[in-house]
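> Got a sequence here, can you build the structure:
(chains A, B and C)
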Amino acid sequence: MPERFETVSFLSDYGTGDEFVGVVKSVIRSIAPHAVVVDLTHGIAPYDVRGASLALARAVQYLAPGVVLAVVDPGVGTERRAVAVEVAEEGSVFVGPDNGLLAPAVAMAGGADRVVALTEERYHLPAPGPTFAGRDIFAPAVAHLCNGSALGDLGDPIDPNTLLPGLLPLTRQENGSLVAEVLWVDRYGNVQLNVDPDELLVLGDPVSLSFNDRVQRAGRAVTYSAIPPGAVGLVIDAYGLVSLAANRHSAAAYLGLGVGDSVTLREADDGAGGSAGVTSRVAFEPTRRRP
Amino acid sequence: MPERFETVSFLSDYGTGDEFVGVVKSVIRSIAPHAVVVDLTHGIAPYDVRGASLALARAVQYLAPGVVLAVVDPGVGTERRAVAVEVAEEGSVFVGPDNGLLAPAVAMAGGADRVVALTEERYHLPAPGPTFAGRDIFAPAVAHLCNGSALGDLGDPIDPNTLLPGLLPLTRQENGSLVAEVLWVDRYGNVQLNVDPDELLVLGDPVSLSFNDRVQRAGRAVTYSAIPPGAVGLVIDAYGLVSLAANRHSAAAYLGLGVGDSVTLREADDGAGGSAGVTSRVAFEPTRRRP
Amino acid sequence: MPERFETVSFLSDYGTGDEFVGVVKSVIRSIAPHAVVVDLTHGIAPYDVRGASLALARAVQYLAPGVVLAVVDPGVGTERRAVAVEVAEEGSVFVGPDNGLLAPAVAMAGGADRVVALTEERYHLPAPGPTFAGRDIFAPAVAHLCNGSALGDLGDPIDPNTLLPGLLPLTRQENGSLVAEVLWVDRYGNVQLNVDPDELLVLGDPVSLSFNDRVQRAGRAVTYSAIPPGAVGLVIDAYGLVSLAANRHSAAAYLGLGVGDSVTLREADDGAGGSAGVTSRVAFEPTRRRP
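The predicted model follows:
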């Protein structure tokens, strides 16, 4: 049986304080010694399926071809399905629980082509309890895929349309304002919104932010360093979304914002904003658009 | 000299905030570039030999064959011995300080077959001080073992019977109650007890838990998700021991329990417990045994 | 094009709570699948260029030959240069921002031989924003170097003398006292000073420490375990510098010391110190030098 995959990209909420990650990797290495595991992160908050699905979606286009293992699994041991999802592009396979975690990344990778439930017990490790599927079900499935096992060997086929979708929040327009949501706060305190830069076109620069009974002005900036000390900037981040940021400080801490918070963006009162006549794309610059 | 081992499983209390782990792995890679290091965890609390020995014991049966490096070493630089322990099964070698850390895992892997102290200075790195044995003594020993060095090359033979044993707490019976101890609190707040499921047979379901002046009822559950909201469940965990758990919450935080705490389990007052006549094995289920 | 490097040693302030590190490693693996990444640490405090430069300097002599990638980059996206620095010894290449981070390690590795700015956009990943140079500029540069690309392919040559130097604090003598600075507090609370053991020769044993309005006596010790309970010891640490330490406790927490704090060392008042006539090297021992 020819080896098929050489890279496993691995994300979980296991943390690194316990030996969970190491044991999953040990099982993979025991079965498929040639496979290299690249840890994406294991620092997802416990049970945070949405946070994990966003991290995976941010990473997916950069992953080496192979198997993607993602485990945030509050329903472990229940009737939620454990799945392997083959995507159209490049034939990569995503392995994890069917709870929405994989959905955005799978969509970005071309969509689910073929799916199986990991029901074939021959590929499971014997286990005293059903609570560590990463070790007992997912890791051996990943390793056998790397070794060349066919997707269909791992269990029963599933209709891709029955996979649980991932639900991402959309912005909405409200009286000329844009109601957004915080998707992510990173280590540096940058606050990623679910806002596409194009959505800012009509709001001008700076904009007024309202959230949690606070109002804050924010000007656009190309880089973090271009944000004046003490100010909050709007940056197009490395993922093409709009982030609130500060220069060498945590915008999240300064603003008191966290994941899931609602932020309303509107034209600033000083009339510096755009108008209905603006049609050209606004450059995302630290300088104001109007003198 | 033919290469002998291809995998190093590595556990320590070094944390990952400093570069200690990276330097140990760099030394191994410099000497034995073919060896792959699998990190089990480096999040063991500083100096916590017992916690590390339990983590290693939980992991050991899943490790890829090779060298196991474990370093939690409060006595570094003193007369405590640095050792390499060859076990009977598969010829794996455990390397670390002789302070009880390796003992439970070595026992589970078949027991110490041959042991040497890492006294051969030819295999040490020159070092300005004796405080980083992981880098200067353990890492080169591990790498040379991977490269094919014989155990005996690394230093003087030791009688395996002189290795410091690991001491694990046993439960005890007290007036029909079972006095247990918390072995581990994991990232999710699951509280592992030193209790074998068989020991619960006579206590019925639910049981009454006493600890730190509190009393708490807990019913059995097969999975975390089967535990009712707000309740504490008794689960057979992924290691075959009894854990206190909550559904998507930290049982440890809810109960105020930490490692080393004593927990007394007894028949619940409502008479739902088992009796002297119970002889069949009790299924570990979320439903009560009696209507 | 023959493969040139097989190891990438990687240090950053990315943390491991986000997927930044995993994405950088995925990009490297996608381009140069044969290269192995050894993580030194990603736990550098955000923006702490000096702390990162010290960690890298502590590690550098132990690294496997290859590429060293170091990213702490508060000026990302600005005119600060992204550079690749080839050192004389062994031909290793250091890649990172030109902000002083690489300087001490480069100096320890023989000094910069040839330098380029990573200006060749053919080797960059396309990116929606300029804020993740690790992924878009540094990772592909590292991978192409591993694959055999010449240094000059990556961008324009730079005069090595124009690289930003690293500035490390020097001790100074003041009225017979030695004014030192805390360089590093490690996971165990050991407090590394910028003091060479030779500088202690004239101060005797124990010495008197003054810092933050406190005075503390500290005796010398060879190992942490030789420090009496409740006492603070002076240890020659694993890097050849003087550290303040306690036995199985955090000296930093006990003394209230942090990185950058000033500590003045002087002869203890009880006259146990050395005199001007001391010329022989003082052994660094837990016992006092004079009866």
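> Could you use CA atoms for every contact and neighbour count after this?
Fine.
> I'd guessed A:Ser12 sits against A:Ala52; true?
Yes. Applying Cα atoms under 8 Å as the test, A:Ser12 and A:Ala52 come out as touching, 7.4 Å apart.
> what residues are shared contacts of these two?
Listed as contacting both A:Ser12 and A:Ala52 by Cα atoms under 8 Å, 6 or more residues apart in numbering or on different chains are A:44, A:72.
> And chain A, what are its domain boundaries?
Annotated domains of chain A cover A:7-162, A:172-272 [automatic domain parsing].
> out of those domains, nearest to chain C?
Checking the domains of chain A against chain C by Cα to the nearest Cα gives domain A:7-162 as the closest, at 3.9 Å.
> who touches the most centrally placed residue in chain A in this structure?
In chain A, the C-alpha nearest the mean C-alpha coordinate belongs to A:Leu54, at 1.6 Å (Cα atoms, centre = their mean). Contacts were defined as Cα under 8 Å, 6+ apart; by that measure A:Leu54 touches A:104, A:183.
> hang on, it in a helix?
Yes. Checked against DSSP: H, G, I helix; E, B strand; the rest coil, A:Leu54 lies within a helix.
> can you list the residues of chain A near chain C?
Contacts of chain A with chain C, taken as Cα under 8 Å from any Cα of the partner chain, map to A:38-44, A:55, A:59, A:62-65, A:186-188, A:222-226, A:236-240, A:248.
> From the residues you listed, keep the buried residues only.
A:38-44, A:55, A:59, A:62-65, A:186-188, A:222-226, A:236-239, A:248 (16 or more other Cα atoms under 10 Å in any protein chain shown).
> So A:Ala251 versus chain B, what's the distance?
When Cα to the nearest Cα, to the nearest Å is applied, the distance between A:Ala251 and chain B equals 23 Å.
> ignore the last one, A:Ala32
When Cα to the nearest Cα is the yardstick, A:Ala32 and chain B sit 10 Å from each other.
> swap in A:Pro206?
Shown here: A:Pro206 relative to chain B, a distance of 39 Å by Cα to the nearest Cα.
> Would you confirm that that residue contacts A:Ala231?
No. At 11.3 Å, A:Pro206 does not count as touching A:Ala231 under the criterion of Cα under 8 Å.
> In terms of neighbours, single out the busier of those two.
Neighbours around A:Pro206 and A:Ala231, counted as other Cα atoms under 10 Å in any protein chain shown, are more numerous at A:Pro206. The numbers are 25 against 15.
> which non-adjacent residue is nearest the more buried one?
Sequence neighbours aside, A:Gly219 is the residue nearest to A:Pro206 in space, at 4.2 Å (criterion: Cα to Cα, 6 or more residues apart in numbering or on different chains).
> For that neighbour, I want the exact helix or strand it lies within.
strand A:214-221 (DSSP states H and E).
> Run me through the strand neighbours of that strand, direction for each.
strand A:207-211 (antiparallel), strand A:233-236 (parallel) (DSSP bridges).
> Next, the buried residues of that strand.
A:217-221.
> Give me the pLDDT value at the residue nearest to A:Pro206.
For A:Gly219, the model assigns a pLDDT of 95.
> surely it meets A:Leu209?
No. Under the contact definition of Cα under 8 Å, A:Gly219 does not touch A:Leu209, with a separation of 10.4 Å.
> quick one: stretch A:73-93 near chain B?
Yes. Using Cα under 8 Å from any Cα as the criterion, contacts between stretch A:73-93 and chain B involve A:74-78.
> Check those for burial and list the buried ones.
Burial of the residues of stretch A:73-93 next to chain B was assessed by neighbour count (16+ other Cα under 10 Å); the buried members are A:74-77.
> how about the helices of chain A, start to end?
For chain A, the helices defined by DSSP state H occupy A:20-31, A:49-59, A:103-108, A:133, A:139-147, A:251-255.
> quick one on the thing from earlier: out of the domains of chain A, which is the most enclosed?
For those, ranked by mean neighbour count under the definition mean count of other Cα atoms under 10 Å in any protein chain shown, the leader is domain A:7-162 at a mean of 21.
> Let me see the backbone angles for the residue of the stretch 151-291 of chain A found nearest chain B.
Ranked by Cα to the nearest Cα, the top residue of the stretch 151-291 of chain A for proximity to chain B is A:Arg187, at 14.2 Å. Main-chain torsions, A:Arg187, degrees, to the nearest 10: phi -50, psi -30.
> A:Asn147 touches A:Arg29, doesn't it?
No. Between A:Asn147 and A:Arg29 there is no contact, the gap being 11.0 Å when judged by Cα under 8 Å.
> Check the buried ones among the residues of stretch A:73-93 next to chain B against C:Ser177 and report the nearest one.
Taking Cα to Cα as the measure, A:Pro74 is the one of those closest to C:Ser177, at 59.8 Å.
> B:His249 is in contact with the closest one, correct?
No. If you go by Cα under 8 Å, A:Pro74 and B:His249 don't touch, sitting 10.0 Å apart.
> How about the residues of the stretch 101-250 of chain A by chain B?
Contact residues (Cα under 8 Å from any Cα) of the stretch 101-250 of chain A with chain B: A:127-132.
> so of these, which ones are in strands?
Within these, no residue falls in strands by DSSP state E.
> closest to A:Leu200 among these?
Proximity of those to A:Leu200, judged by Cα to Cα, is greatest for A:Phe132, which lies at 44.9 Å.
> For that closest one, which non-adjacent residue is closest in space?
The shortest distance from A:Phe132 to any residue other than its chain neighbours is 5.7 Å, reached at B:Ala238 (Cα to Cα, 6+ apart).
> A:Pro126 now?
For A:Pro126, the nearest residue in space outside its immediate sequence neighbours is A:Asp136; the separation is 7.0 Å by Cα to Cα, 6+ apart.
> can you pull the contacts of the one you found?
With contact taken as Cα under 8 Å, 6+ apart, A:Asp136 is in contact with A:124-127.
> where's the dip in pLDDT among the residues you listed?
When the contacts of A:Asp136 are compared by pLDDT, A:Ala127 scores lowest at 89.
> was I right about it contacting B:Ala238?
Yes. Applying Cα under 8 Å as the test, A:Ala127 and B:Ala238 come out as touching, 6.6 Å apart.
> Bridged to A:Ser243, which residues?
The partner residues for A:Ser243, given DSSP bridges, come to A:Gln192, A:Val235.
> Quick check: it touching A:Leu193?
Yes. Taking contact to mean Cα under 8 Å, the distance of 5.7 Å between A:Ser243 and A:Leu193 places them in contact.
> Common neighbours of these two, please.
Taking Cα under 8 Å, 6+ apart as the contact definition, A:Ser243 and A:Leu193 share no neighbouring residue.
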